[in-house]
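**Q** Return atomic coordinates for the entry below.
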Amino acid sequence: MSNIAIPCPACGRELKIRDRNLLGKKGKCPSCQHTFVLEEPSAMQLAGADSPVTATAPRWTPDRNPPPAFAPVTPQTMAGPAIAVASPAGLPVIEPVSAARLKLKQKQQAQRRMFMLVVGGIVAVFGAVGGYVFLTQAPPDDKPIRTGTSGHNAGQPAGSASQPDSLAAITASPTKGGPIPLEMIPAGARLLVHLRPSELWQPDSKGEEFRYCLGPLGEFVEAQMKTLCKFPPTAIEEVLFAWIPGPRGTPPDFVYVVRLKDDAKKSELIDAVGGERDDSVGHPIYRDTATNTAAVIVDLKTFAVGPAGVAEEMVNSIGSKNPLPDGVEELFPKSDRTRHVAVYFEPSAVLLDEEFLAPANARPFLREVMEWFGDDSEAVLWSLHLEDDRFYSDVLVRNKSGARVTALEERFVEKLDQLPKEMLAAVRLMEPKELGKRQVIGRVPAMAKVVAMTTVPSHGKRDVRLITSLPDRAAPNLALGTLLAWDESTRTDFNRKPAAQPGSDSGKLPATIAERLKKKIDVDFRRTPLQEAFAFIGEETKVTFEIDGDALKLSGYTKNMPQEFKMDQQPATEPLKKILGRYDNMCLVVDEQKKIALITTFPVAEQQGLKPYVFP
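**A** The predicted model follows:
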């Protein structure tokens with residue numbers, strides 16, 4: 001096939017392309033970097049051309065010129081809805097919109113908003129769950145394992161020579177899949193959500209339990225999945241939602257790519273996507289004029305749906321991909337398509353479109369999550385996986401150009417260390433009425449301290465990785481805790497001062513630990529790890545508990561041994577006796593001078609000259 005020479009309108013240098021399908025796309029001149037639409041030159045242009053210029057291959061890039069934040073005010077725009085059309089002179093003019101066209105435009109916007117609610121709901125759910133990954137987890141081993149490593153050592157397979165075996169086992173990936181495919185995703189996508197519905201919706205699975213704990217939100221996501229993806233979640237192996245920002249203040253467009261578990265009949269797929277067949281873009285598409293969307297059927301398992309305006313772009317990327325933002329290009333090769341959930345987002349882009357991503361009462365939380373990553377974070381790829389025996393979270397953050405990756409890693413470590421204090425201040429202002437809610441929400445600060453010591457950071461050339469590996473019970477607890485805490489936060493006045501603790505005298509604590517442990521508390525431990533149970537009792541009584549992990553190891557105990565019992569309005573000494581009574585060698589040592597309650601064993605206490613506490 002002969003080359004097509006296209007002159008740059010800015011400098012005149014020619015770009016040669018071999019594929020006519022690229023005509024109508026945007027290209028960048030390798031000489032002056034001017035971006036323009038690739039159009040076949042007319043005969044007049046060819047006749048007037050000077051001597052040929054040696055050209056290099058064009059480099060395809062998305063349009064990086066953002067739309068203006070505000071449109072100019074004109075009498076027409078003040079009078080009512082209008083759209084911009086090209087005048088004969090090439091200048092935009094304002095023309096009133098007909099009633100029919102306005103109705104179509106409103107319908108399109110309504111559909112985009114529905115897409116936004118669905119994907120925004122998914123992002124809110126898993127973003128919130130991800131936030132609680134940092135807040136509510138028990139450690140997978142007996143000692144803090146935080147170890148900063150460079151070059152992504154934390155992500156190497158178990159048994160790597162550069163890591164201790166225990167650290168390698170904790171950070172080793174639970175999946176070995178290839179990168180998430182990006183075919184049929186238009187250029188400019190800045191938020192993507194990848195799910196494996198057939199596994200998350202499998203009966204009697206970890207995913208089902210996880211979804212049930214999300215309550216009405218989980219039911220809403222399921223209903224919208226069925227509406228958008230045309231098939232029940234159990235029939236869908238993978239689905240990738242992509243969010244493409246539009247002009248400032250307008251709802252973004254969506255494209256979603258569905259991959260089924262099994263082949264469907266061609267007629268079944270055509271009926272599912274609907275619309276009229278159109279062969280004008282070189283591959284059959286199915287246009288829905290009512291919503292101005294188009295569907296592309298790739299094979300008997302794969303189809304995609306998006307705005308009709310990007311149908312050709314979707315078709316041209318079948319089996320390949322379009323040019324995408326740098327963050328997507330750099331992070332997605334490190335993704336794993338077999339993980340249950342993956343969310344990619346650019347914090348700055350999410351903040352710009354937060355009004356379309358979440359309802360008003362959820363926006364403060366969404367804003368907090370985005371701002372937690374900071375101004376130096378260009379893009380985030382967050383993946384979660386639910387195993388039979390553990391919950392795995394992998395956060396990959398690409399730094400902005402000019403921001404040192406080591407400084408970004410240190411900042412995340414500092415933020416993790418500050419979380420317990422920040423969460424304690426927030427939780428103290430919450431006043432849930434139900435006992436169960438109060439217990440779940442009240443445990444968050446204590447568990448945040450545990451997570452701050454167990455998240456494993458590492459960094460590469462342009463990204464920071466944070467890996468957290470937890471017991472399998474963490475996932476449903478996180479989902480439930482997220483829902484309850486968010487719900488309570490919508491009724492909490494965070495500007496007021498926290499009330500004095502019940503049973504205290506003007507907020508003053510009893511002078512001795514023995515007196516503090518007389519406070520009556522409620523406990524409801526459901527397979528709660530040992531150290532988390534002590535942390536909860538400590539938070540309720542304002543007693544600092546420390547666990548001698550080495551002493552426990554010598555007697556064959558671990559900090560993760562599950563506790564399962566319930567007590568209502570009993571002195572804190574009662575649940576402590578209940579726990580310690582289950583283990584022959586375990587004991588409590590109270591140091592009134594240091595104001596510390598130490599959990600150790602009788603042999604070690606005797607060896608160190610410590611006196612075990614005698615319960616009343």
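
**Q** does residue 325 really touch residue 189, like I thought?
**A** Yes. At 7.3 Å, residue 325 counts as touching residue 189 under the criterion of CB atoms under 8 Å. Bear in mind the C-beta positions are built from the backbone N, C-alpha and C, glycine included.

**Q** neighbour count winner among the two?
**A** Counted by other CB atoms under 10 Å, residue 325 and residue 189 do not tie: residue 189 has more neighbours, with 26 against 20.

**Q** how about the closest residue to that one other than its chain neighbours, secondary structure?
**A** Nearest non-adjacent residue to residue 189, counting by CB to CB, 6 or more residues apart in numbering: residue 242, 4.1 Å away. State at residue 242, reduced to three classes by DSSP: H, G, I helix; E, B strand; the rest coil: strand.

**Q** ok, now how distant is residue 242 from residue 435?
**A** Using CB to CB, to the nearest Å, residue 242 is found at 43 Å from residue 435.

**Q** same question, residue 354
**A** Counting by CB to CB, the gap from residue 354 to residue 435 is 34 Å.

**Q** Residue 242 and residue 435: which is more packed in?
**A** Legend: neighbour count by other CB under 10 Å for residue 242 and residue 435, higher for residue 242 (27 against 12).

**Q** So for the more buried one, what pLDDT did the model give?
**A** Per-residue pLDDT puts residue 242 at 93.

**Q** Which residue ranges make up the domains of this structure?
**A** Following automatic domain parsing, one finds the domains of the chain at 4-47, 109-489, 513-607.

**Q** could you dump those domains to JSON lines with distance to residue 495?
**A** Below are those laid out as JSON lines (distance: least, CB to CB, whole Å):
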{"stretch": "domain 4-47", "distance to residue 495": "48"}
{"stretch": "domain 109-489", "distance to residue 495": "9"}
{"stretch": "domain 513-607", "distance to residue 495": "23"}
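
**Q** these two touch, right, the residue nearest to residue 189 and residue 187?
**A** No. Proximity of residue 242 to residue 187 does not meet the contact threshold set by CB under 8 Å, at 10.4 Å.

**Q** Looks like residue 261 contacts residue 233 (just checking).
**A** No. The pair residue 261 / residue 233 is not scored as a contact, 10.5 Å apart, by CB under 8 Å.

**Q** what's the overlap in contacts for the two?
**A** Counting by CB atoms under 8 Å, 6 or more residues apart in numbering, the common neighbours of residue 261 and residue 233 are residue 198.

**Q** More neighbours: which of these two?
**A** A direct count of neighbours by other CB under 10 Å for residue 261 and residue 233 places residue 233 higher, at 21 against 15.

**Q** give the contact list for the more buried one.
**A** Contacts of residue 233 (CB under 8 Å, 6+ apart): 197, 198, 200, 201, 222, 225, 226.

**Q** Run a quick neighbour tally on the first one.
**A** To tie it back to what came earlier, the one meant is residue 197. The burial count for residue 197: 25, using other CB under 10 Å.

**Q** Next up, the contacts around it.
**A** 225, 229, 233, 234, 236, 237, 238, 239.

**Q** Could you check which helix or strand contains the residue nearest to residue 548 when sequence neighbours are not counted?
**A** Among residues not flanking residue 548 along the chain, residue 600 sits closest, at 4.3 Å (CB to CB, 6+ apart). Assessed by DSSP states H and E, residue 600 sits inside strand 596-601.

**Q** other SSEs contacting that strand?
**A** Contact analysis of strand 596-601 by 3 or more CB pairs under 8 Å, 6 or more residues apart in numbering; DSSP states H and E lists strand 544-547, helix 549-554, strand 586-591 as its packing neighbours.

**Q** how about a cut-off of 10 Å?
**A** If contacts are counted by 3 or more CB pairs under 10 Å, 6 or more residues apart in numbering; DSSP states H and E, strand 596-601 sits against helix 513-516, helix 530-541, strand 544-547, helix 549-554, helix 573-580, strand 586-591, helix 602-607.

**Q** Which among those is found nearest to residue 347?
**A** Smallest distance to residue 347 across those (CB to CB): 30.5 Å, for helix 530-541.

**Q** Now do the closest one, average pLDDT.
**A** Mean pLDDT, computed over helix 530-541, is 88.

**Q** Need the pLDDT of the residue nearest to residue 374 when sequence neighbours are not counted.
**A** Using CB to CB, 6+ apart and skipping residues adjacent in sequence, the residue nearest residue 374 is residue 411, 6.5 Å away. Looking at residue 411, its pLDDT stands at 91.

**Q** Doesn't residue 411 belong to a strand?
**A** No. Residue 411: not assigned to a strand; according to three-state DSSP it is helix.

**Q** Do you have the strands of the stretch 101-250 of the chain handy? List them.
**A** Taking DSSP state E, counting those that start in this stretch, the strands of the stretch 101-250 of the chain run over residues 149-150, 191-195, 236-244.

**Q** Can you convert the ones you listed into TSV and add a column each for distance to residue 548?
**A** Converted to TSV, the strands of the stretch 101-250 of the chain look like this (distance: least, CB to CB, whole Å):
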stretch	distance to residue 548
strand 149-150	27
strand 191-195	43
strand 236-244	47
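
**Q** between those, which gets nearest to residue 171?
**A** strand 149-150 (9.1 Å).

**Q** so what's residue 222 closest to, chain neighbours aside?
**A** Excluding the flanking residues, the one nearest residue 222 by CB to CB, 6+ apart is residue 233, at 6.4 Å.

**Q** and the gap between the one you found and residue 207?
**A** Per CB to CB, residue 233 is found 10 Å from residue 207.

**Q** What of residue 256?
**A** Taking CB to CB, one finds residue 256 at 20 Å from residue 207.

**Q** In the stretch 501-616 of the chain, where is pLDDT below threshold?
**A** Along the stretch 501-616 of the chain, segments meeting pLDDT under 70 span 501-507.

**Q** go again using 80 as the cut-off
**A** Filtered on pLDDT under 80, the stretch 501-616 of the chain yields the residue ranges 501-509, 616.

**Q** coming back round to it: find the residues that touch each one of residue 242 and residue 187.
**A** Common contacts of residue 242 and residue 187, defined by CB atoms under 10 Å, 6 or more residues apart in numbering, comprise 324, 328.

**Q** Does residue 230 touch residue 272 like I think?
**A** Yes. Contact status for residue 230 versus residue 272: in contact at 3.8 Å, counting by CB atoms under 10 Å.

**Q** Mind checking which of those two has more residues around it?
**A** residue 230 (21 against 17).

**Q** got a list of what residue 569 touches?
**A** 435, 520, 521, 522.

**Q** Pull out the buried residues from the helix or strand hosting it.
**A** Using DSSP H and E, the element containing residue 569 is strand 562-571. For strand 562-571, the neighbour count (16 or more other CB atoms under 10 Å) marks 563, 567, 571 as buried.

**Q** what's the answer for stretch 259-272, then?
**A** Buried residues in stretch 259-272 (16+ other CB under 10 Å): 259, 260, 264, 269, 270, 272.
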